[in-house]
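Engineer: Provided below are the primary sequence and the corresponding predicted coordinates.
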Amino acid sequence: MSKMHNIPKGEFLSGDFVASIKPENMVYFLCNVGDGDAQLILLPENPVNGKRQAIIVDAARKDKLPWLIDDLETGNLLPQATRPAEDEYPDPDYSIPLVIGTHPHRDHILGMEHLLHSNRHRIAEYWDPGYYMPTPSYLKVMAEVEKNPFLQYAQPASGFRKWIGDAVLTVMAPSIQLRNRFDTYGTSINDSSISVRIEFPASRVVQRDEGRSLLKSPETMSLLLGADSQTLSWSYLVTEFPNLPPSDSDATRAIKAARGKDLLRSDVMKVSHHCSKRGVNLELMERVAPRVTLVSSVGGGGQHSFPHSVAQEIIREALDPVAKSGKSHKKDWELGIFFTSDRDTDDIELGSIALVLGTRGIKMWRFGDSSGNRIDFGKGRRMK
């Protein structure tokens, strides 16, 4: 593993994390769970009822996300909810409209059964890729899905889009071609991963006088959440979501497409497969070109020694090309690269990450929690 850079402690400011979140902000949490994934996206307030909703992507540990959900409720960032009796499955209040189990590896779904049960009064829909893996953690999740008569269940593939309020989720992977190979085990479990891109405020069609037009926000933010997708899955993605370069032809001017668009470009990327050597490639990172790049891993320990040095160097080169010059890359934190295993220059663990996204850009908070401990909002420190 190449050396990770400790972040100068002077780059952090104390503050009130909950008070810093404005109604129009979306907040992305990447929880410190070691070599695994547990993510929560807190959507902006609904302008009609003033309430927020949350999307959950993976649950590597039993308590990390349920604790976070409770604390969001206590901080009035999620609606208050009455917990049902143990054997009750009530119609959900839709405060968690969607939970995604990206693929059936235990480092992504070990805590999913508990999450689905403890928050069954909130959760409306559950997605997984439909890859059958007869392990105890997967079978327990599916048993919980079957128990809940109100829980919708889907197995989406690339191109599927879902709107939740002002946010839109686009399923980037798995490709339909990979999805259709699951039953023959012609697809690896990692390449079955559901990778999603989230945009807000989402573009949408609106009625104006007698016509309808596409309303685009100049302030749209985007997150690409890579799950454990590997090279094969990404190879389908880069062709199914092409880079549409600018063009000055008469045809493109007529259809207002002259400016071009790269469908992978994102402000934030959660790097796939804990920054393993099979999780990213240079072309992908150059196309995404994230302002903030996040990695969930233990920082060189664990069974697989994630993050791998070759993957780290690929990300650094994509964001800070120096190969021709022979110069050294900037520090990771200067390039917007952050790991849940980061430490500051006092060697203090920085832990879980929260990105507060809005019209004024991205603000990052760190909470100093270890992988097995609760996120304490009161210990939040904001990066300058």
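Structural biologist: Alright, I've got the coordinates.

Engineer: Show me the shaky parts of the stretch 151-300 of the chain.
Structural biologist: Low-confidence segments of the stretch 151-300 of the chain (pLDDT under 70): 204-218, 252-260.

Engineer: Hmm, I typed the wrong one, I wanted the stretch 1-150 of the chain.
Structural biologist: For the stretch 1-150 of the chain, the stretches flagged by pLDDT under 70 are 1-3.

Engineer: give me that answer again for 90
Structural biologist: Residues of the stretch 1-150 of the chain meeting the criterion pLDDT under 90: 1-5, 47.

Engineer: what is the mean pLDDT for stretch 314-326?
Structural biologist: Average pLDDT, stretch 314-326: 93.

Engineer: List the buried residues of that stretch.
Structural biologist: Buried residues in stretch 314-326, counting neighbours by 16 or more other C-beta atoms under 10 Å, are found at 314, 315, 316, 318, 319, 320. The way it works is simple: take the backbone N, C-alpha and C, and place the C-beta from them, glycine included.

Engineer: quick one: which of the residues you listed is nearest residue 54?
Structural biologist: residue 315 (28.2 Å; C-beta to C-beta).

Engineer: mind listing what that closest one touches?
Structural biologist: Residue 315 makes contacts with 271, 275, 280, 285, 293, 337, as judged by C-beta atoms under 8 Å, 6 or more residues apart in numbering.

Engineer: 10 Å instead, please
Structural biologist: Contact analysis of residue 315 by C-beta atoms under 10 Å, 6 or more residues apart in numbering lists 269, 271, 275, 279-280, 282, 284-285, 288, 290, 293, 295, 307, 329, 332, 335, 337.

Engineer: Inside helices: which ones of the buried residues of stretch 314-326?
Structural biologist: Among those, DSSP state H puts 314, 315, 316, 318, 319 in helices.

Engineer: Now the two most distant members of the buried residues of stretch 314-326.
Structural biologist: The largest separation in those, counting by C-beta to C-beta, is between 314 and 320 at 11.5 Å.

Engineer: before we move on, back to that, give the ChimeraX command for selecting the buried subset of the contacts of residue 315.
Structural biologist: What follows is the ChimeraX syntax for the buried subset of the contacts of residue 315, where burial is set by 16+ other C-beta under 10 Å:
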select :269,271,275,279,280,284,285,288,290,293,295,307,329,332,335,337
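
Engineer: Verify the stated contact: residue 334 with residue 328.
Structural biologist: No: contact criterion C-beta atoms under 10 Å: residue 334 and residue 328 do not qualify, at 11.6 Å.
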